[in-house]
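> Can you look at this prediction? I've put the sequence above it.
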Amino acid sequence: MNAHLPTLGLPLQGLPVLDPACIREMGEELDHPSALTFLSAYLDFLPERLATLCAAVALEDGEAAMDRVLSLKVSSTMVGARRLSALAEALQGLVCTGNWAAAEPLLKVLDASVAAVLAAGRAAVVSSDSQG
């Protein structure tokens, strides 16, 4: 993935794909199995969230796109998917202004970020399961 999106001024370098500290904190706030259940559910729904977001952007449906991008941003923030959350926030700004031409290429970057989060998240769940 491109480490920097020059057209958006969005530095992604240094942002973790999945912040393990966030998962630990969630595990401390909830009980450990609940945090893993939440992370697993997030991972299960992530491809669908991306697909419905892409569809809304393709249709230039501002209301649906905003709903989906906010859902992606908030849930990604909760599990510590920092890069994906930053990308969703950038897309939120484009949707808000109706800049569909700039939103389209960002979806490809989002797709790559989702793939990275899925890989890291599944590894974290497997690792936690084997430790528990």
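Great, that's in hand.
> May I ask which helix or strand encompasses the residue nearest to Leu72 when sequence neighbours are not counted?
In this structure, Leu72 finds its nearest non-sequential neighbour in Ala88, 4.5 Å apart by CB to CB, 6 or more residues apart in numbering. C-beta: built from backbone N, CA, C; applies to glycine. Assigned by DSSP states H and E, Ala88 belongs to helix 82-97.
> Can you name every helix or strand that the following helix or strand past that helix contacts?
Proceeding N to C from helix 82-97, the next assigned helix or strand is helix 100-131, under DSSP H and E. On a contact count with 3 or more CB pairs under 8 Å, 6 or more residues apart in numbering; DSSP states H and E, helix 100-131 meets helix 32-58, helix 62-79, helix 82-97.
> Next, the angle from helix 100-131 to helix 82-97.
150 degrees (axes from the mean of the first three to the mean of the last three CA atoms, to 10 degrees).
> Centre-most residue in this protein?
Leu84 (3.6 Å; CA atoms, centre = their mean).
> still on that earlier bit, what residues does the helix holding Ala88 touch?
Helix 82-97 is contacted by residues 5, 8, 10, 12, 15-19, 53, 57, 62, 65-66, 69-70, 72-73, 76-77, 100, 102-103, 106-107, 109-110, 113-114, 116-117 when judged by CB atoms under 8 Å, 6 or more residues apart in numbering.
> so where is the chain shaky, pLDDT-wise?
Along the chain, the model assigns pLDDT under 70 to residues 1-11, 13, 31-33, 128-132.
> at 90 what do you get?
Across the chain, the ranges flagged by pLDDT under 90 are 1-16, 20-39, 123-132.
> next one: the helix holding Ala88 to chain centre, how far?
10 Å (CA atoms, centre = their mean, to the nearest Å).
> Likewise for stretch 18-27?
Counting by CA atoms, centre = their mean, stretch 18-27 comes out at 15 Å from the chain centroid.
> CA atoms of that stretch as PDB?
Output in PDB follows, covering the C-alpha atoms of stretch 18-27 (Å, rounded to 0.1, in the frame of the first residue of the first chain):
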ATOM      1  CA  LEU A  18      -3.900  -3.200  14.100                       C
ATOM      2  CA  ASP A  19      -2.800  -1.700  17.400                       C
ATOM      3  CA  PRO A  20      -2.200  -4.500  19.900                       C
ATOM      4  CA  ALA A  21      -2.500  -2.000  22.800                       C
ATOM      5  CA  CYS A  22      -6.000  -1.200  21.800                       C
ATOM      6  CA  ILE A  23      -7.000  -4.900  21.800                       C
ATOM      7  CA  ARG A  24      -5.300  -5.300  25.300                       C
ATOM      8  CA  GLU A  25      -7.200  -2.300  26.600                       C
ATOM      9  CA  MET A  26     -10.500  -3.700  25.300                       C
ATOM     10  CA  GLY A  27      -9.700  -7.000  26.900                       C
END
